[in-house]
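In: how would this look folded up:
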Amino acid sequence: MTSARTTSATWLTLLLLVVTLTACGGHSTKQQRQKHGEDRTDEATLLLNEAEQLLRNLDVESAEPKLAMAREILSHPDVDLSPEGEMCRSQLAQLQAFVPRVREERVKRQNRAVEEKARKELEAAVEKQRDSVVEAMFAVTEALDALEGKDAGAAQVTAVREAIKRTREQIQTGKELEAKDADYAASARNTERRLEQAEARVRIAQRVIDFISGPLTGSQEVPELEKKARKERDLDARLSLYKDMRERFQRCEEEAEKLLTEVPELARGTVPVQGRPMALKAVATRCDKKEKSVQRVVLTLEKARVKRDKLEAKREKAKAAREKLKAAREAKREKAKAAREAAREKAKKAREAAREKALARKKR
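Out: The predicted structure follows:
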């Protein structure tokens, strides 16, 4: 009985020893277990170094499996016997703690990359828009330079206005960029101010062109009208021509003065008068003098017309008197003629009555 129990206990002890040895990797001696632990730490060290490099590169997805493998390797009891075991576990803990920060950093870098991309795209869009506006504004400047030429007219005014319109349309296409880029917004506002200044210059130029093509040209046509008036025989037609001349000079003087009042800086400029430049104030003075000169002729002709009209009225009155006298004489003749006709008719009736009486007596 004792021998059987002893044998059973011995086998149980051996079985437990085998299990223990199997759990310890099959290494029964401390030196073997230490060697096994050092091998595992070496393997873990390689994994940890690779994971650390991956984390430095922000590759969390590739690093985490290696950290998991290292954690599994370092969980073996034999690692406790390795001199590097504690250091490897410390490195593992640091790297595991580093993972969330790496994730956060990667998100930040991704966000920065997105922001940088958006910034570069915005800069490119702004630069392209700015170039388009500058090009459009250059066309405005060229058109304004042409407007300053001595032969400038309606075509040049139209060219400036169209260039201004195109520039404003170009600014409008980049309206959204103004809210995103303060520098471009300031540039757009500055361009708008330049366009407003250009419009002011166009308005002045248009006023000058209208003056030159209207009142000034009208006053310069007076010599031809005067030649025609001198050849005109009809007093009314001649007076009408001189009144037209007077009105042309009067309008020229008034419009020149109005221009000087509205745009004082025009006092420093000139306008073409009969092919020669003349100051606007001198033009106003010249037209005023010419208007007064023509006015004297108009007054003379009006007096002549009054005299003529009086003479014609007198003649018409005499003619009317003659017509009245003639009508009275005609009426008198008609009345006498009617009286004679009535007397003849009465005599005729009397004779007929006498004949009828005579015939009646004969019948009796």
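In: Mind listing what's buried along the helix or strand hosting residue 200?
Out: Using DSSP states H and E, residue 200 sits within helix 182-211. Taking 16 or more other C-beta atoms under 10 Å as the basis for neighbour counts, the residues of helix 182-211 that come out buried are 184-185, 187-188, 191, 195, 198, 202, 204-209, 211. Any C-beta I mention is one placed from the backbone N, CA and C, and that applies to glycine too.
In: what's the following helix or strand after it?
Out: Moving toward the C-terminus from helix 182-211, the next element (DSSP H and E) is helix 217-220.
In: Could you list the low-pLDDT ranges of the stretch 251-364 of the chain?
Out: In the prediction, the stretch 251-364 of the chain carries residues with pLDDT under 70 at positions 274-275, 364.
In: where do the helices sit along it?
Out: Using DSSP state H, counting those that start in this stretch, the helices of the stretch 251-364 of the chain run over residues 280-363.
In: Just the CA trace of stretch 39-54, in CSV.
Out: Extracted as CSV, the C-alpha positions of stretch 39-54 are listed here (Å, rounded to 0.1, in the frame of the first residue of the first chain):
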residue,chain,number,x,y,z
ASP,A,39,16.6,35.9,-27.1
ARG,A,40,13.1,37.1,-26.6
THR,A,41,14.3,40.6,-25.6
ASP,A,42,16.5,40.7,-28.7
GLU,A,43,13.5,39.8,-30.8
ALA,A,44,11.4,42.4,-29.0
THR,A,45,14.1,45.0,-29.3
LEU,A,46,14.1,44.7,-33.1
LEU,A,47,10.3,45.0,-33.2
LEU,A,48,10.3,48.0,-30.8
ASN,A,49,13.0,49.7,-32.9
GLU,A,50,11.0,49.1,-36.0
ALA,A,51,7.8,50.3,-34.3
GLU,A,52,9.6,53.4,-33.0
GLN,A,53,10.8,54.3,-36.5
LEU,A,54,7.3,53.8,-37.9
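In: so what's residue 124 up against?
Out: Contact analysis of residue 124 by C-beta atoms under 8 Å, 6 or more residues apart in numbering lists nothing.
In: Residue 66 reaches residue 52, doesn't it?
Out: No. Taking contact to mean C-beta atoms under 8 Å, the distance of 9.3 Å between residue 66 and residue 52 leaves them out of contact.
In: which of those two has more neighbours?
Out: Neighbour comparison, residue 66 and residue 52: the larger count goes to residue 66, with 21 against 17 (by other C-beta atoms under 10 Å).
In: In the host helix or strand of residue 170, which residues are buried?
Out: With secondary structure defined by DSSP H and E, residue 170 is part of helix 154-173. By 16+ other C-beta under 10 Å, the buried positions in helix 154-173 come out as 156-157, 159-161, 163-164, 167, 170-171.
In: what does whichever helix or strand comes after that helix rub up against?
Out: Secondary structure here is assigned by DSSP H and E; on that basis, the next helix or strand after helix 154-173 toward the C-terminus is helix 175-180. For helix 175-180, the external contacting residues (C-beta under 8 Å, 6+ apart) are 122, 125-126, 129, 184-185, 188.
In: Which member of those residues is positioned nearest residue 261?
Out: residue 188 (34.9 Å; C-beta to C-beta).
In: does the closest one really touch residue 171, like I thought?
Out: Yes. Distance between residue 188 and residue 171: 5.5 Å, which falls inside the contact criterion (C-beta under 8 Å).
In: what is in contact with the two at once?
Out: With C-beta under 8 Å, 6+ apart applied, the overlap between the contact sets of residue 188 and residue 171 consists of residue 133.
In: ok so, going back, relative to helix 154-173, how tilted is the helix holding residue 200?
Out: Angle between the axes of helix 182-211 and helix 154-173 is 160 degrees (criterion: axes from the mean of the first three to the mean of the last three C-alpha atoms, to 10 degrees).
In: Which other helices and strands does helix 182-211 contact?
Out: When contacts are defined as 3 or more C-beta pairs under 8 Å, 6 or more residues apart in numbering; DSSP states H and E, helix 182-211 packs onto helix 85-147, helix 154-173, helix 175-180, helix 235-262.
In: quick one: buried residues of the last one?
Out: Along helix 235-262, these residues count as buried under the neighbour rule (16+ other C-beta under 10 Å): 238-239, 241-243, 245-246, 248-253, 255-257, 259-260.
In: With distance to residue 221 added, can I get the helices and strands packed on helix 182-211 in JSON lines?
Out: JSON lines is the format used below for the helices and strands packed on helix 182-211 (distance: least, C-beta to C-beta, whole Å):
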{"stretch": "helix 85-147", "distance to residue 221": "25"}
{"stretch": "helix 154-173", "distance to residue 221": "19"}
{"stretch": "helix 175-180", "distance to residue 221": "50"}
{"stretch": "helix 235-262", "distance to residue 221": "7"}
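In: pLDDT below threshold where in the stretch 51-200 of the chain?
Out: The stretch 51-200 of the chain contains residues with pLDDT under 70 at 150.
In: switch to 80 and redo it
Out: In the predicted model, the stretch 51-200 of the chain carries pLDDT under 80 at residues 149-152.
In: Run the angle between the helix or strand containing residue 34 and helix 85-147 for me.
Out: Secondary structure assignment for residue 34, by DSSP H and E: helix 30-56. When the same axes, to 10 degrees is applied, the directions of helix 30-56 and helix 85-147 differ by 10 degrees.
In: Go ahead and produce PDB holding the CA coordinates of the helix or strand that comes right after helix 30-56.
Out: Scanning the chain past helix 30-56 towards its C-terminal end, the next helix or strand to appear is helix 60-74 (assignment: DSSP H and E). Presented in PDB, the C-alpha positions along helix 60-74 are these (Å, rounded to 0.1, in the frame of the first residue of the first chain):
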ATOM      1  CA  VAL A  60       0.600  54.000 -36.600                       C
ATOM      2  CA  GLU A  61      -1.200  51.300 -38.500                       C
ATOM      3  CA  SER A  62       2.100  49.500 -39.200                       C
ATOM      4  CA  ALA A  63       3.600  50.200 -35.800                       C
ATOM      5  CA  GLU A  64       0.700  48.800 -33.700                       C
ATOM      6  CA  PRO A  65       1.000  45.200 -34.900                       C
ATOM      7  CA  LYS A  66       4.800  45.300 -34.100                       C
ATOM      8  CA  LEU A  67       4.000  46.700 -30.600                       C
ATOM      9  CA  ALA A  68       1.500  44.000 -30.100                       C
ATOM     10  CA  MET A  69       4.000  41.300 -31.100                       C
ATOM     11  CA  ALA A  70       6.600  42.900 -28.800                       C
ATOM     12  CA  ARG A  71       4.100  43.000 -25.900                       C
ATOM     13  CA  GLU A  72       3.400  39.300 -26.500                       C
ATOM     14  CA  ILE A  73       7.100  38.400 -26.500                       C
ATOM     15  CA  LEU A  74       7.900  40.400 -23.400                       C
END
